[in-house]
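Engineer: Requesting a structural model of the entry that follows:
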Amino acid sequence: MLPARSRVSRRRALQGSAVALALFGLLMWWVLPIGNSSPSGSLIFSTGSQNGVYQRYGVLLEGALARDLPDVTIDLKTSEGSQQNLARVAAGEADFTLATADAVAKYKRDKKPGADRLRGCARLYDDYVQLVVPRDSSVESVRDLRGKRVGIGQEGSGVRLIADRLLKAAGIDPKRDITPLAAGIDTVPGRLEAHELDAFFWSGGLPTAAVEELSDRFQIRLVPLEADLIEKLHATGDATSYYRSAVMPADAYLEAQNGVPVPTVAVANLLVTTDRMDPAMTEGFTRTVIKSRDRIGNTVHPAQLVDLRTAVYTDPLPLHEGAKRYYRSVKP
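Structural biologist: Numbers count the residues shown, from 1 in each chain. Predicted coordinates:
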């Protein structure tokens, strides 16, 4: 039998080991996530029209997600734009998407199916409204579009939403006072170049490749959107409060702007999902979006403007729980 002093020492040693193991276990629980740290499964990401910023952003994001979430497969699905994107996600036809804040606000205000289930993951970059005309056009303002053939965006796009509102703010009925063409950025540049259109609206990040390429081969001009239009927009309701006055930098489109800044309207883009999405998947998806900013931004320049400090502000949507986890994990 061990002496009393030896038994006490051994008991203390065992107790110390037990405490150390408990502390180690607690530390590992705190450092490592519970369960599978790498989400798995398949996702549908609804993007936008061919040649638009949403679609190009989605293609590059797919590559980043493949690296960061190797057990997740991503299926990209082109769309008409923000309004269709929101309908798809709300209906469960897509898992993540991009949409402008004004389109989200309208979807919620109209109490569309599934509106209460929409959740934000990140505020991304701003879209700038671009009214494009041939350089020798007589159009100097939105009011001058009366009687013209105008590309106003596809039915389910954010472009259609803002184009209709701007026209009405300028006193123009989009159905009666112009000849509207419901087409997207994949076709309207060519139609303007072929003189089948007098003007077209586009809302996207700066620069949008399709507009930039058009300016390289055909002489175009960007029509200023004056501040009084913003005031009239804001007077029409809550959904329009997400528009703000902005200026396209002089070098956004070198050939089209001739070194001159252009007043316009801007609205934020949001990364959107629903409360049905698994928090771990949402956390991983959001992390990749923020982390891949510079890599994607080398090709899709608006992505360079994604900012961790403002990404958390996804009004008018509440943050998804998984996105909250990510922002907490990177909080200084």
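Engineer: Neighbours of the nearest residue to P302 once chain neighbours are set aside, how many?
Structural biologist: Counting by C-beta to C-beta, 6 or more residues apart in numbering, P302 lies nearest to G205, which is 2.5 Å off, once chain neighbours are set aside. Where C-beta positions appear, they are placed from N, C-alpha and C, glycine not excepted. By the measure other C-beta atoms under 10 Å, the count of residues near G205 is 24.
Engineer: I figured G205 hits V53, correct?
Structural biologist: Yes: in this structure G205 lies within contact range of V53 using C-beta atoms under 8 Å: 4.6 Å.
Engineer: list the residues that contact both of those two?
Structural biologist: D127, V300, P302 (C-beta atoms under 8 Å, 6 or more residues apart in numbering).
Engineer: Between these, identify the one with the most neighbours.
Structural biologist: D127 (30 neighbours).
Engineer: Can you name the residues that contact that one?
Structural biologist: V53, T100, G158, S203, G204, G205, A266, V267, A268, N269.
Engineer: 6 Å instead?
Structural biologist: D127 sits next to T100, S203, G204, V267, N269 when contact means C-beta atoms under 6 Å, 6 or more residues apart in numbering.
Engineer: what sits against the second one?
Structural biologist: The reference is to S203. By C-beta under 6 Å, 6+ apart, the contact list for S203 reads D127, V129, G158, V159, I162.
Engineer: So which of these are in strands?
Structural biologist: D127, V129 (DSSP state E).
Engineer: Farthest pair within the contacts of S203?
Structural biologist: Greatest spatial distance among those (C-beta to C-beta): V129 and G158, at 9.8 Å.
Engineer: the more surrounded of the two?
Structural biologist: G158 (32 against 26).
Engineer: Assess the claim that that one and Q84 are in contact.
Structural biologist: No: at 9.6 Å, G158 does not count as touching Q84 under the criterion of C-beta atoms under 6 Å.
Engineer: was I right about the residue nearest to P302 contacting D126?
Structural biologist: No: applying C-beta under 6 Å as the test, G205 and D126 come out as separate, 7.3 Å apart.
Engineer: can you list the weak-confidence ranges in this structure?
Structural biologist: Where the chain drops to pLDDT under 70, the residues are 1-37, 332.
Engineer: For it, just list every one of the strands.
Structural biologist: Taking DSSP E to define them, one finds strands in the chain at 41-46, 72-77, 96-100, 118-134, 149-151, 179-181, 199-204, 220-222, 244-248, 262-274.
Engineer: between these, which gets nearest to E255?
Structural biologist: Per C-beta to C-beta, nearest to E255 of the strands of the chain: strand 220-222, 7.8 Å.
Engineer: That closest one pairs with which strands, and in what direction?
Structural biologist: strand 118-134 (antiparallel) (DSSP bridges).
Engineer: what's the neighbour count on the closest residue to L166 other than its chain neighbours?
Structural biologist: Of all residues not flanking L166 in the chain, V142 sits nearest, at 5.5 Å (C-beta to C-beta, 6+ apart). Neighbours of V142 under the rule other C-beta under 10 Å: 25.
Engineer: Touching, V142 and G171? I think so.
Structural biologist: No: using C-beta under 6 Å, V142 makes no contact with G171, being 9.1 Å away.
Engineer: anything in contact with each of those two?
Structural biologist: By C-beta under 6 Å, 6+ apart, V142 and G171 have no common neighbours.
Engineer: quick revisit: now distance to P113 too, for the contacts of S203, in a markdown table please.
Structural biologist: A markdown table is the format used below for the contacts of S203 (distance: C-beta to C-beta, whole Å):
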| residue | distance to P113 |
| --- | --- |
| D127 | 25 |
| V129 | 28 |
| G158 | 19 |
| V159 | 23 |
| I162 | 23 |
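Engineer: Nearest to D95, out of the contacts of S203: which one, please.
Structural biologist: D95 lies nearest to G158 out of the contacts of S203, by C-beta to C-beta, at 19.7 Å.
Engineer: contacting residues around that closest one?
Structural biologist: Listed by C-beta under 6 Å, 6+ apart, the contact partners of G158 are G81, S82, T100, A103, S203.
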